[in-house]
Every structure is written in C-alpha cells, then in structure tokens.
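> The following block contains a protein sequence and its predicted model.
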Amino acid sequence: MNILLAHGSSDSRHAAEVQALADKAAEQLGEAVEVRYLDSTAVPEGARVLPLLLGEGWHARNDIARLAAASDCSILPSLSARATAMASIASDLAVNAVSGAQASECSVMFSVYRFDGFETVTKALNGLKERFSRLELAGIHASPTVEEALALWCDEKVENIVVQPMVLFEGHTMEHVRRTVAASGASGVTGSALSSHTVFPTFIADCFRVSYET
C-alpha cells in the first residue's frame, strides 16, 4: 500500500488538493495511493509512507518517528531529501508567474516557512542564483520575513518580482503570502503552490517507484 503522509489543515482546500494529488499519482503508478495525516496513530502493515514535508524539523524528528515506531511500515525519504527537484519545480513556477518574462529578467524571492529545519531546501534554492536576475530567500514565519524583504525591494524599485512560496498546497499559508505581497506596495506577483506544477504527480509517483528498487 502507498500512503501520502500530509500535514493537516483546517482549510478544506488543502485536504482536497492532497487527495487530488494521491489520485493522480495512483493513475501514474497503476495502484492505489491513500492519504494519511501527521496526527494518524498508525498506518497499515507493510505500507510505503511518503512524508510530504519540505523541512527536517519537529514533524520529521517526532511525528514521523512516532508513526514508524507504531507501525510495521516503510518510511520513504521525505520531500526534503529531494530538495534539488523541489527547487527546480519552484523555479519553473516562478518563471511562469511573470507573463512574457525570461528567467534572467526575474527577481525571485523564495519564501520558506522558516529557516531552522529547512536548511536542505534553502541550500538547493540558493543554487538557482545564476538563473535569475536576483534571488533572495525570505521567511513566512521567520526573519527576514517576506514583508521585510519586499520593503527593501520596493525601496530599490526592483522590477519583475516574483514571490514563490515553498508551499505544497493551497490553504491559509498561501493566502497569507498573497496578502503580504498585495499589501507590500511592490510590483510583484505570487507564484503558485508547488503541487500545481504539471510534473508533480509524476514526481510523487517516482518517489514510490524508487522504493521498489531500493
């Protein structure tokens, strides 16, 4: 059995998008993919569990370990272990957010939830600097925040700004970033949630396929 292990949310859009991703990945694999959340007490015996986590913080250290201890299952490497691929997906979405612009013309601000525990993904994002006119990282709930960083860019009259959230699904966090960008006074746009990329279901299916080979 294949299981996507997601962070829960009170926003109904989040659950709907997680389920949609599971359905699309199942089509790619030709077998079922079920959804569980971090507050699950256990998963079925023999399940292959893919944590949909971009960080290596509390959830990875505690919730995943607790679930593994309570279940006879295989915990696959989380998305943070595939940070280079995630950075590439985010890069594509950032470019697509600015109509008609080339990557080299874009000033991209990748926003991560926080910096502590997200070192792997921030390192991968910093590796994209040569692709864009300007690249910086900002925190959604850590300083320098998106609001603080945008204020500086606004003062500098930076153009073709894209704030690309490192957020997997629609929900409260995406709305928070959009409101922040809209209120900043900067001439910027917000990129889409990472799971909206057309390659994302295939990427998730490939994560499960690797578990058969290793």
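Structure received.

> for the host helix or strand of Ala16, which positions count as buried?
Taking DSSP states H and E as the criterion, Ala16 maps to helix 12-29. By 16 or more other CB atoms under 10 Å, the buried positions in helix 12-29 come out as His14, Ala15, Glu17, Val18, Leu21, Ala22, Lys24, Ala25, Ala26, Gln28, Leu29. Any C-beta I mention is one placed from the backbone N, CA and C, and that applies to glycine too.

> What is the lowest-pLDDT residue among these?
pLDDT across the buried residues of helix 12-29 is lowest for His14, at 83.

> Break the protein down into its domains, please.
What automatic domain parsing lists as the domains of the chain is 2-81+198-213, 82-196.

> Next SSE downstream of the lowest-mean-pLDDT helix or strand in the chain?
Within the chain, no helix or strand scores below helix 58, which has a mean of 67 by mean pLDDT, DSSP states H and E. For helix 58, the following helix or strand on the C-terminal side (DSSP H and E) is helix 64-70.

> Dump that next one to PDB, restricted to CA.
The C-alpha coordinates for helix 64-70 follow below in PDB (Å, rounded to 0.1, in the frame of the first residue of the first chain):
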ATOM      1  CA  ILE A  64       7.400  10.500  11.700                       C
ATOM      2  CA  ALA A  65       9.500   8.600  14.300                       C
ATOM      3  CA  ARG A  66       6.300   8.000  16.400                       C
ATOM      4  CA  LEU A  67       4.400   6.700  13.400                       C
ATOM      5  CA  ALA A  68       7.300   4.400  12.400                       C
ATOM      6  CA  ALA A  69       7.500   3.000  15.900                       C
ATOM      7  CA  ALA A  70       3.800   2.300  16.000                       C
END
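
> now the helix or strand following that helix: mean pLDDT?
Next along the chain after helix 64-70, taking DSSP H and E as the criterion, comes strand 74-75. Averaged across strand 74-75, pLDDT comes to 92.

> do stretch 132-146 as well
96.

> which residues touch that stretch?
94, 103-116, 122, 125-126, 128-129, 148-150, 158, 160, 163, 165, 167, 173, 176-177, 180-181, 184 (CB atoms under 8 Å, 6 or more residues apart in numbering).

> residue boundaries of the helices in this structure?
12-29, 58, 64-70, 83-97, 119-126, 146-155, 172-183, 200-213 (DSSP state H).

> out of these, deepest packed?
Among the helices of the chain, the stretch with the highest mean neighbour count (mean count of other CB atoms under 10 Å) is helix 83-97, at a mean of 20.

> what's it packed up against?
If contacts are counted by 3 or more CB pairs under 8 Å, 6 or more residues apart in numbering; DSSP states H and E, helix 83-97 sits against strand 107-112, helix 119-126, strand 161-165, helix 200-213.

> how about Arg131, what does it touch?
So Arg131 contacts Ser91, Ala103, Ser104 (CB under 8 Å, 6+ apart).

> Any regions of this protein where pLDDT drops low?
58-59, 100-101, 211-214 (pLDDT under 70).

> can you rerun that using 90?
Regions of the chain meeting the criterion pLDDT under 90 cover residues 7-15, 38-42, 55-72, 98-105, 159-160, 185-188, 210-214.

> As JSON lines, the helices of the chain with distance to Thr41 would be great.
What follows is these, written out as JSON lines (distance: least, CB to CB, whole Å):
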{"stretch": "helix 12-29", "distance to Thr41": "18"}
{"stretch": "helix 58", "distance to Thr41": "18"}
{"stretch": "helix 64-70", "distance to Thr41": "6"}
{"stretch": "helix 83-97", "distance to Thr41": "29"}
{"stretch": "helix 119-126", "distance to Thr41": "28"}
{"stretch": "helix 146-155", "distance to Thr41": "35"}
{"stretch": "helix 172-183", "distance to Thr41": "25"}
{"stretch": "helix 200-213", "distance to Thr41": "23"}
